[in-house]
Every structure is written in structure tokens, then in C-alpha cells.
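Asks: A predicted structure for the sequence below; I have some questions about it.
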Amino acid sequence: MIVTVQVYQLSYTALQVTPELFKEIIANYQRHGWELKRVLMKPATFARLKDQTAELFNEAKLIESEFDGLWFARLSQAGREAWELRLVAEQPYALFEAFEADETEEEREEARLEMENKMREQVALS
């Protein structure tokens, strides 16, 4: 008897990120009170969407990256500020951090960069 075992690994990378996927993710976060702050985009994604960036991302800061991701923020409990980095892919994947009110912007930025590095590692594994 021959037994075949198939192993499936979730892939967080999309073959081609579409404007519709960006819109869907952004709308979902906005429904829950999140505000889009930054957009991380691969050069190829930016090249495809460059004529639509103002419409899609409004005032959010555009940043070149090795992966497509969206940074959202909102106020949290006890005066904290929550930030979430959402990978732009069909399979949802996000990293979350809540910052204390007394944390400096430098400390917050260091934590956000670490989260981006963790996301890069996750994308590289998929």
C-alpha cells in the first residue's frame, strides 16, 4: 500500500496585489476605528499603482519596502496608542504593538522597525 502525504504551507505572498485588495483591507480596518498611517510597497506594486496612490491611500506616508504592508493606528485603553502592521495578502497576517503614553517617538519608531523586520522574516519563510 502506498500512502501519499501532502503538506500545505500557508503562503502570505500574493502573486499580484490589486487595488481592490488594498481597498478591502483598508475599509475593514476603518470600520473598526483604525487610521491608515503608512503604506509599505514593493517597487513593482508602486509602479502598477502609481496613478492610484492618492485615491487609495490619501495622506498616508508611502515607503518603499520588500513587502506590501499597511500600518494602522488608533487610540487604545489607558492612553496607549495601538499600531498594527497588516501584510497585504489574501491570507490575513498582522503584527500588533501597543505603546504607552510616555514612550518617546524614537522608542516607538524603533519598535515599528523591529515589527517590519519580523514581517520580512515571515514573508521570506512563505
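Replies: Perfect, I can see it now.

Asks: Report how many residues lie close to the closest residue to S76 other than its chain neighbours.
Replies: Distances taken as C-beta to C-beta, 6 or more residues apart in numbering place A82 nearest to S76, at 4.1 Å, with adjacent residues excluded. Bear in mind the C-beta positions are built from the backbone N, C-alpha and C, glycine included. Using other C-beta atoms under 10 Å, A82 has 16 other residues around it.

Asks: Neighbouring strands - and their directions - for the strand or helix carrying A82?
Replies: For A82, the host element (DSSP states H and E) is strand 81-87. Here strand 81-87 is paired, per DSSP bridges, with strand 69-75 (antiparallel), strand 94-99 (antiparallel).

Asks: sorry, back to before: from E59, how far off is the residue nearest to S76?
Replies: Distance, A82 to E59, by C-beta to C-beta, to the nearest Å: 19 Å.

Asks: part of a strand, is R48?
Replies: No: counting by DSSP: H, G, I helix; E, B strand; the rest coil, R48 is not part of a strand but helix.

Asks: now the helices for the chain?
Replies: With DSSP state H applied, the chain shows helices at 19-31, 43-49, 53-57, 105-125, listed in chain order.

Asks: what's next to stretch 107-118, contact-wise?
Replies: Contacts to stretch 107-118, defined as C-beta atoms under 8 Å, 6 or more residues apart in numbering, come from residues 40, 65, 69, 71, 81, 83, 85, 95, 97, 99.
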